[in-house]
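Asker: Quick check, what structure comes out for this input:
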Amino acid sequence: MSPARKRRGPRFSPLHLAGWLFADMLLVLALVSMGDRGDPLAAREATRPSPSPSASAEAEPSPEPSPAGPRSVERKPVKLSVAAAPGDTARMVKLLRAATARHEGRSAAFVLTFGHAREPGDGQAYAGEINSALRKARPEMFTDATTRDFWNGGASGTADLEIYFYTG
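Answerer: Got it, this is the predicted structure:
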């Protein structure tokens with residue numbers, strides 16, 4: 001074979017690996033920064049003084065420090081089902097007030113509402129009615145809640161709700 005006909009196929013070059021190396025390093029940095037945050041509950045337990053044997057029984061306990069950081073949302077939703085005719089806001093409010101009575105005093109983070117109807121537009125419109133009725137039924141619970149309207153097939157006049165409350 002003559003030198004002019006040298007093999008010109010793909011050759012290994014370290015430059016080809018530079019992009020992969022950069023992406024891997026970004027992933028490592030992201031994982032390190034997320035792992036560096038710590039557990040606020042564990043930190044609170046570590047700073048709590050342990051009771052000493054010489055402490056008097058009459059000493060009043062100090063109040064618990066409030067946890068630092070943003071509120072969190074419970075992982076499991078409260079699931080409800082409401083059946084009222086479309087447009088019957090008074091019945092919707094009555095049913096929602098009764099269904100959420102045991103959660104009084106809590107604050108909802110977000111609500112997923114699945115309106116049943118034959119057509120997607122009708123189901124989403126019904127879900128919107130239910131979400132408006134939520135704010136009328138329990139304004140203190142749902143004023144700042146984010147609501148999403150979804151459609152679920154079936155006969156109209158029923159909605160399934162998934163309410164995600166804040167913890168604590």
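
Asker: G157 reaches A83, doesn't it?
Answerer: Yes - counting by C-beta atoms under 8 Å, G157 does reach A83; the two are 6.0 Å apart. C-beta coordinates here come from the backbone N, C-alpha and C atoms, glycine included.

Asker: which residues in this protein form strands?
Answerer: For the chain, the strands defined by DSSP state E occupy 78-83, 108-116, 146-152, 158-165.

Asker: Tell me the strands beside the last one, with direction?
Answerer: Using DSSP bridges, the strands paired with strand 158-165 in its sheet are strand 78-83 (antiparallel), strand 108-116 (antiparallel).

Asker: Need the winner for burial among the ones you listed.
Answerer: Ranked by mean neighbour count, these are led by strand 108-116 with a mean of 22 (mean count of other C-beta atoms under 10 Å).

Asker: Off-centre distance for it?
Answerer: 12 Å (C-alpha atoms, centre = their mean, to the nearest Å).

Asker: the inter-axis angle of it versus strand 146-152?
Answerer: For strand 108-116 against strand 146-152, the angle by axes from the mean of the first three to the mean of the last three C-alpha atoms, to 10 degrees is 20 degrees.

Asker: how about the CA coordinates for strand 108-116, as PDB?
Answerer: Extracted C-alpha coordinates of strand 108-116, given in PDB (Å, rounded to 0.1, in the frame of the first residue of the first chain):
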ATOM      1  CA  ALA A 108     -54.300  23.800  50.600                       C
ATOM      2  CA  ALA A 109     -51.300  24.100  48.400                       C
ATOM      3  CA  PHE A 110     -52.900  22.900  45.200                       C
ATOM      4  CA  VAL A 111     -56.000  21.000  43.900                       C
ATOM      5  CA  LEU A 112     -56.400  18.800  40.900                       C
ATOM      6  CA  THR A 113     -60.000  18.600  39.800                       C
ATOM      7  CA  PHE A 114     -61.200  16.000  37.300                       C
ATOM      8  CA  GLY A 115     -64.600  16.900  35.900                       C
ATOM      9  CA  HIS A 116     -66.600  14.100  34.400                       C
END
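
Asker: All good on my end, thank you.
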